[in-house]
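> Using only what follows, build the 3D model:
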Amino acid sequence: MEMIELDGQAGGGQLLRTALSLSLCTGIGFTMQHIRAKRPRPGLLRQHLTAVGAAATVGQARVDGAELGATTLRFEPGSVVAGEYRFATGTAGSTTLVLQTVLPALWRCDAPSRLRLEGGTHNPMAPSADFLADTYLPALRHIGVDAALTLEKHGFYPAGGGVVHATVEPAGSLRQCTFDARGELLSIEAVALMSALSGSIGRRELAVLGERLGLPEAAMRLQRVQPAIGPGNTVLVRVRHAGHVETFAGHGERGVMAEQIAERLANEVREYLDADAHVGEHLADQLLLPMALAGGGAFTTTTVSDHLRSNAALIEKFLPVEIAWQQQAAHSWRVTVSP
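Residues are numbered from 1 along each chain as shown. Below you'll find the predicted structure:
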């Protein structure tokens, strides 16, 4: 089996997840050293171990080094098998990141798969379940991926306890797509999710977003999460253009005022609205892998993040593609994936 050596110190868990996905898709094994070496808590955390375990399960892989805190991992993929799977982080670790790890391998199968994922659904440092359902998976449909996500139960940090269900259909040949014209702005809406916390927190967040984004009362909603497994607060903003929906999230933090959470989120949304770009920063990071598997594509985005740069370099080690970017305006970059 072909094996490659990877250095994980240039990024976080995303590099490991990308390597796992590409290993399953290409049949190329890898050894990654210095995993999350520059993070405050280096090495594998529980949610990373869940992603490794999920990849090993669907791909019948051999794994060495899958231990809590480990900074080196060896992964030898086998044959990917479609089926029904259940994966649980045991913490508030992100269900969506585990799903994104195995999704590319499963859509390449010749039969559908169903997954139940348990853990966090709305927490910092990970895409929310709403982002996947409303933004990520619809973008993948343009490329030729037929997958869906439903949220059964919310899970916030630190309690977790959330549940999502995903279905993945065989994709066949992927299409090379260009995302560079999001079209006319149709609507903006904001939702404050509250779990075992005072509704006044969400109302204060919505008041700031309403003022900063010019939202009418009808476009703002307070949603109480039931059953409330633990305290949690996420405020979501969905920006719907004719050709794309972008989902933004801000998460409540202990000791941080609700107004500050909402101001940060409003700044992120305003930067996107003011830019001549199709996709936001976080979707840009995540489009690279499916585009590379499709053999090419392009999109415009608001910024080229460190995540995007390190992810691009890793993808080029597995696949015969070249990923490049060029700035077009102050907040607009064009990213291209070429064979």
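> just the helices in the protein please.
All helices of the chain, identified by DSSP state H, fall at 13-26, 46-58, 95-107, 129-131, 137-143, 199-213, 258-274, 281-294, 306-318.
> residues making contact with the fourth one?
What it means is helix 129-131. By CB atoms under 8 Å, 6 or more residues apart in numbering, the residues outside helix 129-131 that reach it are 95-96, 121-122, 149, 151, 154, 162, 164, 236, 238, 247, 249, 282. Any C-beta I mention is one placed from the backbone N, CA and C, and that applies to glycine too.
> Which residue lies nearest the spatial centre of the protein?
The centroid of the chain falls nearest to residue 127 when counting by CA atoms, centre = their mean (4.2 Å).
> so that residue makes contact with residue 97?
Yes: under the criterion of CB atoms under 8 Å, residue 127 lies in contact with residue 97, with a separation of 7.5 Å.
> Show the contacting residues for residue 78.
Contacts were defined as CB under 8 Å, 6+ apart; by that measure residue 78 touches 59, 60, 61, 62.
> again, but for residue 304
If you count contacts by CB under 8 Å, 6+ apart, then residue 304 has 284, 325, 327, 333, 335 around it.
> Let me have these in JSON lines, extended by pLDDT, neighbour count and distance to residue 68.
As requested, the contacts of residue 304 are exported to JSON lines (pLDDT from 0 to 100; neighbours: other CB atoms under 10 Å; distance: CB to CB, whole Å):
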{"residue": "284", "pLDDT": "97", "neighbour count": "25", "distance to residue 68": "31"}
{"residue": "325", "pLDDT": "98", "neighbour count": "19", "distance to residue 68": "36"}
{"residue": "327", "pLDDT": "96", "neighbour count": "11", "distance to residue 68": "41"}
{"residue": "333", "pLDDT": "96", "neighbour count": "20", "distance to residue 68": "37"}
{"residue": "335", "pLDDT": "98", "neighbour count": "23", "distance to residue 68": "35"}
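> Could you work out the most separated pair of the residues you listed?
Based on CB to CB, the longest span within these runs between 284 and 327 and measures 13.3 Å.
> Quickly list what the nearest residue to residue 227 once chain neighbours are set aside is bridged to.
Of all residues beyond its chain neighbours, the one nearest residue 227 is residue 153 (7.8 Å), with distances taken as CB to CB, 6 or more residues apart in numbering. As for beta bridges, residue 153 partners with residue 163 under DSSP bridges.
> Is residue 153 in contact with residue 163, as I believe?
Yes: checked against CB under 8 Å, the pair residue 153 and residue 163 is within contact range at 4.4 Å.
> Which parts of stretch 10-28 count as buried, going by neighbours?
10-26, 28 (16 or more other CB atoms under 10 Å).
> Check the offset of that stretch from the chain's centre.
14 Å (CA atoms, centre = their mean, to the nearest Å).
> okay, it in CSV with CA atoms only?
Once side chains and other backbone atoms are set aside, the C-alpha atoms of stretch 10-28 remain, and they are given as CSV (Å, rounded to 0.1, in the frame of the first residue of the first chain):
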residue,chain,number,x,y,z
ALA,A,10,0.5,23.6,10.5
GLY,A,11,-3.2,23.2,11.5
GLY,A,12,-5.7,21.7,13.8
GLY,A,13,-8.1,18.8,13.5
GLN,A,14,-9.2,19.8,10.0
LEU,A,15,-5.9,18.5,8.6
LEU,A,16,-6.5,15.1,10.2
ARG,A,17,-10.1,14.9,9.0
THR,A,18,-9.1,15.9,5.5
ALA,A,19,-6.3,13.2,5.5
LEU,A,20,-8.8,10.6,6.7
SER,A,21,-11.3,11.5,4.0
LEU,A,22,-8.8,11.5,1.2
SER,A,23,-7.2,8.3,2.4
LEU,A,24,-10.5,6.5,2.3
CYS,A,25,-11.2,8.0,-1.2
THR,A,26,-7.8,7.3,-2.7
GLY,A,27,-6.7,4.1,-0.9
ILE,A,28,-3.5,5.9,0.1
